[in-house]
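[1] turn this into a model:
(4 chains)
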There are 2 protein chains.
Amino acid sequence: MNDYMMLLKTVGLKATLQRIGMLEVIAGTGHISIDDIYAKIHQMWPTLSLATIYKNILIMVEKGVLREVPLMGAKSKYELMQSDHIHLICQKCSSIEDKMIDDLLKEHLAVIAQHDLLILKQSHINLYGLCKNCQ
Amino acid sequence: MNDYMMLLKTVGLKATLQRIGMLEVIAGTGHISIDDIYAKIHQMWPTLSLATIYKNILIMVEKGVLREVPLMGAKSKYELMQSDHIHLICQKCSSIEDKMIDDLLKEHLAVIAQHDLLILKQSHINLYGLCKNCQ
DNA sequence: ATCCTTGCAAATGATTTGCAAGAGT
DNA sequence: ACTCTTGCAAATCATTTGCAAGGAT
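    Numbers count the residues shown, from 1 in each chain, chains lettered A, B, ... in the order given. Have a look, this model is predicted:
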């Protein structure tokens, strides 16, 4: 029983081959759109349907297994749920790199939220620009 | 000739009544989805079509008049282009409040981008949680 | 054995496009 | 006058749904 099976059971979902396959593809790329998940999976597994991917993305986001990453000018990508972090997004090649949020920044954001009496649940920080390969 | 007419001409777009109306609605709410723009405008102006709104959102984003605000679990909203700022987003009532990015935070983000050799163009910071009215 | 999930096809919803008529410069 | 933009309808693309068959617990 691998980690993804365990993860799925923990949140009350059946550990189907389809879901495990999706999680592996998502983990393998870091961040990926629904169409790209489908393209990747469809190659080796032609019967897995797009509708199944949609249904599972929805339920796994709801259960907190995945997190949606909404993006400017593109369809959302999805990533495994993990602690808040920064996305460095290239506007040319669409690559996304992750970066930890350091304690100072975390504290800074907490103060901002607190000042507005917002009970903070998630911070999404996206820095858009040109990555080193695209400059 | 009002400010929006001037703004549109500056970027090379004709200042039509439809575009000026859209900009007024967007400015009036701060952040608004395409459907809500349509709902608002359609009341007082029943012939303005949804297709026109789509076309104009697209071109005004392209020209840098508007900025897309992509959101978790919802369709994007749009705002007038302005310097980067923080969005405090309520996950219950979907309200969005703006907050300035102070110099310290700005510097902090610049260092992070620089460290990864990203040429930074835009910072999107979204803090999700519960606003004071919804707690 | 039971209930959840899949895969297909159909339904719905969102966005884009083509084009003739109208508005802005 | 010229060109860009609008509004409608149709086309396309994205997402969701219903349901019978198969799979996980």
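[2] all helices for chain A, in order.
    For chain A, applying DSSP state H gives helices covering A:3-10, A:17-29, A:34-44, A:50-62, A:103-115.
[3] show me what the third one is packed up against.
    Counting contacts by 3 or more Cβ pairs under 8 Å, 6 or more residues apart in numbering or on different chains; DSSP states H and E, the secondary-structure elements packed against helix A:34-44 are helix A:17-29, helix A:50-62, strand A:74-80. Yep, even glycine has a C-beta here, placed from its N, CA and C like the rest.
[4] neighbours around residue A:59, how many?
    The tally of other residues near residue A:59 (other Cβ atoms under 10 Å in any protein chain shown) stands at 15.
[5] quick check: residue A:108 touching residue B:101?
    No. In this structure, residue A:108 is not within contact of residue B:101 by Cβ atoms under 8 Å, at 10.2 Å.
[6] hmm, back to that, most tightly surrounded among the helices of chain A?
    Across the helices of chain A, averaging neighbours per residue (mean count of other Cβ atoms under 10 Å in any protein chain shown) puts helix A:17-29 on top, at a mean of 17.
[7] for that helix, packing partners?
    Using 3+ Cβ pairs under 8 Å, 6+ apart: helix A:17-29 touches helix A:3-10, helix A:34-44, helix A:50-62, strand A:74-80.
[8] residue contacts, residue A:18?
    A:48, A:52, A:56 (Cβ atoms under 8 Å, 6 or more residues apart in numbering or on different chains).
[9] filter those residues by proximity to chain B?
    Filtering the contacts of residue A:18 for neighbours of chain B using Cβ under 8 Å from any Cβ of the partner chain leaves an empty set.
[10] tell me the spacing between residue A:95 and residue A:43.
    To residue A:43, residue A:95 is 21 Å away according to Cβ to Cβ, to the nearest Å.
[11] what's the spacing between the residue in chain A sticking out farthest from the centre and DNA strand C?
    In chain A, the residue that sits farthest from the middle, by Cα atoms, centre = their mean, is residue A:115; the gap is 28.7 Å. Residue A:115 sits 33 Å away from DNA strand C, taking Cβ to the nearest atom of the strand, to the nearest Å as the criterion.
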